[in-house]
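Peer 1: please find the sequence and the predicted model below.
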Amino acid sequence: MMESQLAELKASALARIAAAASAAELEVIRVEVAGRKGSQLTELSKGMGKVPPVDKGRIGKLFNETKTAIESALDARQAAFADAALNARLDAEWFDLTVPPPGVRPGALHPITIIQKEIEDLFTSMGFTVLSGPEVETEFNNFDALNIPPDHPARDMQDTFWLEGGHLLRTHTSPVQVRGMQRLGPPLRMIAPGRVFRNEEVDPSHEHTFYQLEGMMVDREVSVAYLIYYMKTLLQGIFKREVTVRLRPGYFPFVEPGFELDIQCLLCGGKGCPVCKQSGWVELLPCGLVHPNVLRLGGIDPEQWNGFAFGLGLTRLAMMRYAIDDIRHLQGGDLRFLRQFA
Ligand code: PHE
């Protein structure tokens, strides 16, 4: 009796387990067949009391085997459902970690920064130190120490943003010459890239804020030949091609003699365009030998030392290099412009 009931239960339970279509259905089967209360197995176990003592051992063992067989079938099927569910999820939810996320772009250097770094590399390889100075300067460092006394007409050459208390927004990077001489003393090889400010009408070739790169070398016997050598090395390093240059006498109170080094406009090839103001030439590199008064005010004895200095227009240079026809793009913050340099 009991034997056949156990065999039947086992067969029907295993068949139902095998046929279960989902984990939820399997759970219903588990409760009905093998649950603690009122399940088919529990009901059958109640019949154990009526089994004759001689058969008890054998039937008890058979009962346990049946129970174990059903439970392990339930467990195996449940594990199969869990596996299948995980596989389905993995299939549905996979993603490729190597695909760049949409809408996120890597940052890029500004064209002026790109050129600045190149020039820094070039000059540091020739033994120059890179210095920086404050954008808010004293009137003394921006003018007086550069041989531009208060009543000197050269003060009007640069339209200055004046601040309170004798301070101003530096109109050029030349005050860093003064700081460099005072801090480092001779012999001295320094460059100083940075932002400068002038109270100017803004147009395609003028901004109130732009970048210069100052350079200064002070040593025992610095001559115009040194100056020309370094300026040529600089321009070849930047343009990596032939550029046509011309040297004109130029007046800056802090150099004597002073020069204007112009390059032929690379945008129009010298034909004339808005950037070169139709002249075919772009003023790029004012330079000269350091005026003795400037050395003296920097704490250097002009009887013992002399030097050259230059003030490269970094903004102009970037415009030439990248054929940018309007200076206002550079500070405009328009990502469509900036992304071209990524
Ligand atoms: N500081 C000058 C200017 O901004 C440029 C310059 C620098 C000229 C060094 C000569 C030597 O106009």
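Peer 2: Received, thanks. Keep in mind that this is a model prediction, so the values were computed, not measured.

Peer 1: hey, let's count contacts and neighbours off CA atoms from now on
Peer 2: Noted.

Peer 1: show me what contacts Asp219?
Peer 2: 186-188, 305-307 (CA atoms under 8 Å, 6 or more residues apart in numbering).

Peer 1: and of the residues you listed, the nearest to Pro292?
Peer 2: Checking the contacts of Asp219 against Pro292 by CA to CA gives Asn306 as the nearest, at 7.6 Å.

Peer 1: what's across from the closest one in the sheet?
Peer 2: The partner list for Asn306 in beta bridges (DSSP bridges) reads Asp219.

Peer 1: from the ligand, how far off is it?
Peer 2: Asn306 is 14 Å from the ligand, where distance means CA to the nearest ligand atom, to the nearest Å.

Peer 1: surely that residue touches Val290?
Peer 2: Yes - here Asn306 reaches Val290: they are 6.7 Å apart, a contact under CA atoms under 8 Å.

Peer 1: with neighbour numbers in mind, choose between those two.
Peer 2: Set side by side, Asn306 and Val290 show more neighbours around Val290, with 26 against 22, by other CA atoms under 10 Å.

Peer 1: and the more buried one, what does it touch?
Peer 2: With contact taken as CA under 8 Å, 6+ apart, Val290 is in contact with 254-256, 306-309.

Peer 1: do the same with Ala82
Peer 2: Listed by CA under 8 Å, 6+ apart, the contact partners of Ala82 are Ala23.

Peer 1: now do the host helix or strand of it: distance to the chain's middle.
Peer 2: If you go by DSSP states H and E, Ala82 is part of helix 53-93. With CA atoms, centre = their mean, to the nearest Å as the basis, the distance from the averaged C-alpha position of helix 53-93 to the chain average is 58 Å.

Peer 1: for it, give the mean pLDDT please.
Peer 2: In this model, helix 53-93 has an average pLDDT of 92.

Peer 1: what of stretch 8-26?
Peer 2: 92.

Peer 1: what comes up buried for it?
Peer 2: Buried positions in stretch 8-26, judged by neighbour count with 16 or more other CA atoms under 10 Å: 9-10, 13-14, 16-17, 20, 23, 26.

Peer 1: widest-spaced pair of those residues?
Peer 2: In the buried residues of stretch 8-26, two members sit farther apart than any others by CA to CA. They are Leu9 and Ala23, at 20.9 Å.
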